[in-house]
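1. Below: sequence and its predicted model.
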Amino acid sequence: MARRSVLLLVAALIALAGTAMIVLYVQGIDARATKDQELVEVLVAAETIEIGESVADAQDAGKIEKAEVRRVDLVDGSLSSTTSVADDVAVGTIYPGEQLLAKKFGTLGDTQTLVIPDDKMAVSVELTDFERVAGFVNPGNEVAIFATSQEVTQLLPDGNERLLGDYTRVLLPRVPVLGVGTTSVTSRTTKTEEGSQVVEEVPKTILTIAVSQEEAEKLIQADRNVDITFALLTDESRVSDGRGAQPVDLFPELSTGGVRS
């Protein structure tokens, strides 16, 4: 009799444990299902965001809005704030209703196509390492472009020519860089002080910038007739269009006869 009671007690305990496990399992399923159905906040595109369009511009145009989606529908890498991409641009087209993903934003250099502002055109120039800040200029940077004339002449209305002389001055104070091409090596022949010729291997790279028509005309003219140099800018850099610098500005005593060769 005592043995039967023990067996019944054990069976009851096993049944109770089994029931508890089933209840916990069902509760776990319910918890997971509830969690998947939980609504979370995410940023989505209200309108199409084009390649190269900045986050700031998209926000100003009302193209970014907040929405709530089920956690199960949340895409990996989705954004709930633009803080981490505030200075970036879209590197691919983002369509209405699409969740904003961190990987969809980056610099202009990350875009798959050349992004040209609506009111600009793209112009390319080939520069040496020295002329392009030793390779530190990248897509998305802004540069000032300086021109150095060397014995450039001006045709006067009477048909005569006037020597403009040597000087350096700013040509374009601030323009954005759209692309940087691959570097190639070209040969250049120079003369030493003794008069002998020396062949130098000069690395050159094509840089593409966004300019207006008037700026393009100036740049192309300068590229054909004078030496041009890029200067890398920051947001705080200040460039003004002044009279430029001439050799006499380097050595003022030249104008007074203080230096003789």
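-> Good, I have the coordinates.

2. And for stretch 129-141, what's in contact with it?
-> Stretch 129-141 has contacts (CB atoms under 8 Å, 6 or more residues apart in numbering) with 107-109, 143, 176-180, 183, 203, 205, 207, 227-233. From N, CA and C alone the C-beta is placed, and that goes for glycine too.

3. List the buried residues for that stretch?
-> 131-132, 137, 139-141 (16 or more other CB atoms under 10 Å).

4. Which of those fall within strands?
-> When DSSP state E defines the strands, the subset of the buried residues of stretch 129-141 inside them is empty.

5. farthest-separated two in these?
-> Glu131 and Gly140 (19.3 Å; CB to CB).

6. returning to that earlier point: looking at the buried residues of stretch 129-141, which one is closest to Leu250?
-> Glu131 (19.5 Å).

7. Pairing partners for Ala245 in the sheet, please.
-> Beta-bridge partners recorded for Ala245 (DSSP bridges): Thr168.

8. Against Gln59, how distant is the residue nearest to Pro117 when sequence neighbours are not counted?
-> Sequence neighbours aside, Ala210 is the residue nearest to Pro117 in space, at 5.5 Å (criterion: CB to CB, 6 or more residues apart in numbering). Ala210 sits 22 Å away from Gln59, going by CB to CB, to the nearest Å.

9. Between the two, point out the one with more neighbours.
-> Counted by other CB atoms under 10 Å, Ala210 and Gln59 do not tie: Ala210 has more neighbours, with 22 against 14.

10. residue contacts, the more buried one?
-> Ala210 neighbours (CB under 8 Å, 6+ apart): 116-117, 120-122, 175-176, 178.

11. could you give the mean pLDDT of the host helix or strand of the residue nearest to Pro117?
-> Using DSSP states H and E, Ala210 maps to strand 197-211. Confidence over strand 197-211, taken as the mean pLDDT, stands at 75.

12. which is the next helix or strand following it?
-> helix 213-225.

13. quick one: buried residues of the helix or strand just after that next one?
-> The C-terminal neighbour of helix 213-225 among helices and strands, as given by DSSP H and E, is strand 227-233. Judged by neighbour count (16+ other CB under 10 Å), strand 227-233 contains these buried residues: 228-233.

14. if I look at Val125, how far off is Gly181?
-> Val125 is 10 Å from Gly181, by CB to CB.

15. How about Ser149?
-> 26 Å.

16. Who has more neighbours out of the two?
-> Taking neighbours as other CB under 10 Å, Ser149 and Gly181 compare with Ser149 leading, 19 against 12.
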